[in-house]
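In: predicted model and sequence follow; I will ask about them next.
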Amino acid sequence: MIKNWLKIAFINYRKNWLSTIINVLGLSVGLCVFLLIFIHWQDEKSYEEWIPNKENIYLVENHLSSFGNMSQSSYPELYVSKEKFPEIEDYTIANIWAWYRTRLIAGDNSSYSTVGQVSSQFFKFFPFETIAGNPNTALLDKSQIALSEKTAKQLFDDDYKNSIGKTVKKDENGNVYTVSLIYKLPEQNSVFKADYLVLENQPKDDNQWLSYSFFGLFKVKPGTDIQKLEEKLTKQQRYHEEILSKKWGSEIDKKNPTKVFLTPLTKIKLDAKGDGISKGDKKSLKILLGLSILILILSGINLINLKTAQSAQRAKEVGVRKSIGSSKKSLVIQFLIETFIICLVAYFIAFALVELLLPSYNKYLGKEIKLNDPNIFIGSAILLVLFALLAGIIPATYLSNFKPINTLKGNFSRSKHGVWLRNSILTLQLVISSFFIICSLIIHSQVDFMMKKDLGFKGNQVIQIDFKKSNYNEKDYSVKKYELLRNEVKNISGVLETTGSVQSLGMGLRNASVVKYAVDTTKIINTVAVGAIEENYFRFYDMKIVAGNDLNWRKASDTINGSVVNETFAKKMGWNNQQAIGKEILPGWEDKKKYKILGVVKDFYYGGVDRPIEPAVFFNYNRNWAKNSMSNLQIRLDTKDIDGTVERIKEFWLTKAEPGYPFDYQFIDKQFARTFEKFQKQQTLFTTLNIVVLVVALLGLFALSSLLIEQKLKDVAIKKTLGADEKTIIWDLTKRFLIICFFAVILSIPISYYAMNEWLKDFAYRIDMPVLPYVLSMISLLILTFIVVSFKAYQATKINLVKYLKYE
């Protein structure tokens, strides 16, 4: 029986070779897109899964009225809570940033490595494989250092396993450490990977309750009620916030109170309330996963539609088999097997495509995902069976329901149920296609709007070099280094001008504080950029002073307490640009020292244009502690010899400025362009998916129209005999598809509007919902539908009339 079923299946595949190929290709592409996005999703969810007792470890996060959700906590919040609440077994600090690197030296060898500043309990939470040493005694005091195997090899060559007890020096401050542990970083995904670890400074000071500077984790007892523990921690934090606020004379926002969250360790990567540690973009991933499922559904729709459209060819077969005793169940199983074979072939092709595309996909994502997770194969196999069942059951049931008496008489094609089913499924297919077209056009419009937005500065031919070596033990090390390098670099041929600032364009806010109006301290702005700048900063970037004057460093008053604010600062204080001039403010980075506003600069962006411009106060960099945050040099290059100038700067940097450190620089405009990367990637992905959707949908439409028009060839022959011209026949054959297309686009409009309105909510500066994408979707889909269907319709007008009318 099965042998006969397979024989019949392959006869039908060969007979309907075009629709078979379209089904296989459509399903292969749909499965490939889904699998690529699914393995990315699985990879992001796999972080910290390797850690024992992971279900009882939580990241401590805080919600503050002034800063929103933060993934950092204060040190008292950690150690006091452990002593106070019996549910908490232990805590640890894990200050690890992938971007923070320092240089270690051991003899003639050195390593420029990422650093983790942690507490002594770190290895109890994260049991890295030990190569040498004892993790229980590895970080008991500040003279000890734990090295990763890679870093130990760089410092001690092949003898690295015998390096316990040897010393290494941190180049930035000359501190000497004794190697106490060599560990191997886990191959599994983790955000807690650092090339070496040292003990974090842990101040036991009651005034530090609101100093949120630590990534802290709690290990709780099994069965702990996390919600109740969060409530206890919140109550404790609010209590200390109230005490310190009274002490400092600040007010608490009772409408937006402080709250403590405990985020499970395995959910930090995607579900951290704040910025997390190397946090992933869960929202974008969910959108892409949802879209890939839509593409998979689209592929299934093609399969269902083409199978039901082939009913005319299979109806007599069903009638004959039923008349000789075949049951409905056996017919359903036969048609399900035919569908399953197509799905199985598509499944193998999809995995081949995934394997082929994975290197490029990894490069695009900046990951090293490997197709070696058995769960992916098991999950996708289960998906295959379910998909084949769902996609196959409709046409299988439809075909098996044919009545022998009707099919053998040739009355099967008159089934209104079959026509309604095909039309409904085709409508759904075109709704999805229209949705993708509309969304792609709106995303393109928003990204284009951001790319063309006036940034408020001109960064052409400007490079920024961030200092890699710092020394907090030496007084004014950073500012002395900045001024020395500024003066030296100016003398390099091809350098037109230099400047410097605490904040970096394209990098978002690095330092922020509270600022009050001196006359009325109830007027307060919580997050204000600390704008320590070089004298020529505004002129260097061609930033416009819209009211008042720029700072004049020849005037003592300007240098000592003069300031320039941006337009956003003035607005948030309730002033227009002119009203701001002459006002005095109290910045949180000074001890009750008043700043006088001398000018207002036109708003410009530090971070991405998807976020609102933050208020900022600019002042002489040499005025206060901020001078030791001048850790970069911004250089304008002569356009006549950019490459040559960069080479000369590189030679100076490697030999005199920072010998022993890698030389890195970034053009300011490219540095700012990075803030668009996320949205440009969304644009690229959506455009790619849109092309995939249209190709799959139009191929399906072509195959469907071919089958349906073939069933009407006798009608075409009769019309031609009665004198109908080609235009009339083509219109008669295509108008039904055009009507379905029109209503499909209408149905897609509210769905697309809702989805895109939600997406646009993430942008501080967004386009108004445009009408054009909806119009273009209607026009383009109608044109494409007409072209695809009319091609087959035109072929139908060229048929041999005798062939179809000889029996009439």
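Out: Here it is on my side, so go on.
In: if you rank every helix and strand of the protein by mean pLDDT, what lands last?
Out: When the helices and strands of the chain are compared on mean pLDDT, DSSP states H and E, helix 404-409 comes out lowest with a mean of 52.
In: list phi and psi for Gln227.
Out: Main-chain dihedrals, Gln227, degrees, to the nearest 10: phi -60, psi -40.
In: show the contacting residues for it.
Out: Gln227 sits next to no residue when contact means Cβ atoms under 8 Å, 6 or more residues apart in numbering. Just so you know, the C-beta spots here come from the backbone N, C-alpha and C atoms, and that holds for glycine as well.
In: tell me the pLDDT of it.
Out: If you check Gln227, the pLDDT there is 94.
In: what's the separation between it and Glu87?
Out: 12 Å (Cβ to Cβ, to the nearest Å).
In: next, count neighbours for Lys523.
Out: By other Cβ atoms under 10 Å, 15 other residues sit near Lys523.
In: one more: Tyr160?
Out: For Tyr160, using other Cβ under 10 Å, the count is 22.
In: relative to Ser66, how far out is it?
Out: In terms of Cβ to Cβ, Tyr160 sits 46 Å off from Ser66.
In: before we move on, what about Ile369?
Out: To Ser66, Ile369 is 39 Å away according to Cβ to Cβ.
In: likewise for Gly456?
Out: Using Cβ to Cβ, Gly456 is found at 25 Å from Ser66.
In: cool, Asp715 as well?
Out: From Asp715 to Ser66 the distance is 74 Å (Cβ to Cβ).
In: which residues does Val515 bridge with?
Out: Ile525, Pro587 (DSSP bridges).
In: Phe457: which element?
Out: Of the helices and strands defined by DSSP states H and E, none includes Phe457.
In: flag every buried residue along stretch 126-137.
Out: Going by neighbour count (16 or more other Cβ atoms under 10 Å), the buried part of stretch 126-137 is 126, 128, 131-133, 135.
In: how many other residues sit next to Leu722?
Out: Counted with other Cβ under 10 Å, residues neighbouring Leu722 total 7.
In: how much space between it and Pro264?
Out: 74 Å.
In: shaky segments in the stretch 251-400 of the chain?
Out: Applying pLDDT under 70 to the stretch 251-400 of the chain picks out residues 305-328, 330-331, 394-396, 398-400.
In: so which residues of it form helices?
Out: For the stretch 251-400 of the chain, applying DSSP state H, counting those that start in this stretch gives helices covering 268-271, 282-309, 311-323, 328-365, 374-400.
In: quick one, which of the ones you listed gets closest to Ser424.
Out: helix 282-309 (9.7 Å; Cβ to Cβ).
In: residue ranges in the stretch 501-650 of the chain under the pLDDT threshold?
Out: For the stretch 501-650 of the chain, no stretch has pLDDT under 70.
In: in the one helix or strand Ile442 maps to, what counts as buried?
Out: Ile442 belongs to helix 416-452 when assigned by DSSP H and E. By neighbour count with 16+ other Cβ under 10 Å, helix 416-452 contains the buried residues 418, 421-423, 425-443, 445-447, 450.
In: equivalent analysis for stretch 752-763, please.
Out: For stretch 752-763, the buried set under the neighbour-count rule, 16+ other Cβ under 10 Å, comprises 752, 755-756, 759-760, 763.
In: just checking, which of the residues you listed belong to helices?
Out: If you go by DSSP state H, the buried residues of stretch 752-763 have 752, 755-756, 759-760 in helices.
In: which of the residues you listed lies closest to Leu384?
Out: Using Cβ to Cβ, these come closest to Leu384 at Ala755, 28.2 Å.
In: the residue nearest to the closest one when sequence neighbours are not counted and Tyr753, how far apart?
Out: Using Cβ to Cβ, 6 or more residues apart in numbering and skipping the chain neighbours, the partner closest in space to Ala755 is Cys439 (6.4 Å). Between Cys439 and Tyr753 the distance is 10 Å, computed by Cβ to Cβ.
In: which other residues reach stretch 374-385?
Out: By Cβ under 8 Å, 6+ apart, the residues outside stretch 374-385 that reach it are 31, 35, 38-39, 42, 340, 343-344, 347, 351.
In: hmm, try it at 7 Å
Out: With contact meaning Cβ atoms under 7 Å, 6 or more residues apart in numbering, stretch 374-385 is reached by 35, 39, 42, 343, 347.
In: wait, is the first one part of a strand?
Out: Just to be clear, that refers to Leu35. No. Leu35: not assigned to a strand; according to DSSP: H, G, I helix; E, B strand; the rest coil it is helix.
In: burial of the closest residue to it other than its chain neighbours, as a residue count?
Out: Closest residue in space to Leu35, ignoring its immediate chain neighbours: Val354 at 5.1 Å, by Cβ to Cβ, 6+ apart. By other Cβ under 10 Å, the residues close to Val354 number 21.
In: burial count for Phe742?
Out: Neighbours of Phe742 (other Cβ under 10 Å): 15.
In: what do you get for Asn53?
Out: Asn53, neighbours per other Cβ under 10 Å, totals 13.
In: distance of it relative to Thr266?
Out: For Asn53 relative to Thr266 (Cβ to Cβ), the value is 11 Å.
In: tally of neighbours for Trp589?
Out: 20.
In: that one reaches Ala512, doesn't it?
Out: No. Using Cβ atoms under 7 Å, Trp589 makes no contact with Ala512, being 9.3 Å away.
In: show me how far the strand or helix carrying Phe218 is from its chain's centre.
Out: Assessed by DSSP H and E, Phe218 sits inside strand 216-220. How far strand 216-220 lies from its chain's middle: 27 Å, per Cα atoms, centre = their mean, to the nearest Å.
In: just to revisit the earlier point, can I get the helices of the stretch 251-400 of the chain in a markdown table with distance to Gln188?
Out: Output for the helices of the stretch 251-400 of the chain, formatted as a markdown table (distance: least, Cβ to Cβ, whole Å):
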| stretch | distance to Gln188 |
| --- | --- |
| helix 268-271 | 12 |
| helix 282-309 | 19 |
| helix 311-323 | 51 |
| helix 328-365 | 17 |
| helix 374-400 | 14 |
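In: among the ones you listed, which is nearest Val495?
Out: helix 328-365 (34.4 Å).
In: show me what that closest one is packed against.
Out: helix 2-15, helix 17-45, helix 374-400 (3 or more Cβ pairs under 7 Å, 6 or more residues apart in numbering; DSSP states H and E).
In: okay if I get the ones you listed as TSV plus distance to Phe742?
Out: TSV is the format used below for these (distance: least, Cβ to Cβ, whole Å):
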stretch	distance to Phe742
helix 2-15	33
helix 17-45	24
helix 374-400	25
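In: burial count for Thr522?
Out: Residues contacting Thr522 under the criterion other Cβ under 10 Å number 7.
In: each with direction, which strands does the strand ranked longest in the chain pair with?
Out: Longest strand of the chain, by residue count under DSSP state E: strand 88-106. In the sheet, strand 88-106 lines up against strand 109-118 (antiparallel), strand 167-170 (antiparallel), strand 216-220 (antiparallel) (DSSP bridges).
In: redo those strands as CSV? Include mean pLDDT.
Out: Formatted as CSV, the strands paired with strand 88-106 follow (pLDDT from 0 to 100):
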stretch, mean pLDDT
strand 109-118, 92
strand 167-170, 92
strand 216-220, 95
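In: between those, which one is nearest to Phe679?
Out: Smallest distance to Phe679 across these (Cβ to Cβ): 27.8 Å, for strand 109-118.
In: quick one: residues in contact with the helix or strand that the closest one is followed by.
Out: Next in sequence after strand 109-118, counting helices and strands by DSSP H and E, comes helix 122-125. Contacts with helix 122-125, where a contact means Cβ under 7 Å, 6+ apart, come from 57, 90, 92, 94, 135, 138-139, 197, 217, 219.
In: what residues does stretch 656-664 touch?
Out: With Cβ under 7 Å, 6+ apart as the criterion, stretch 656-664 contacts 103, 110, 112, 171, 468-469, 485, 650, 653-654.
In: and for stretch 645-655?
Out: Under Cβ under 7 Å, 6+ apart, the answer for stretch 645-655 is 465, 488-489, 492-495, 637-638, 663.
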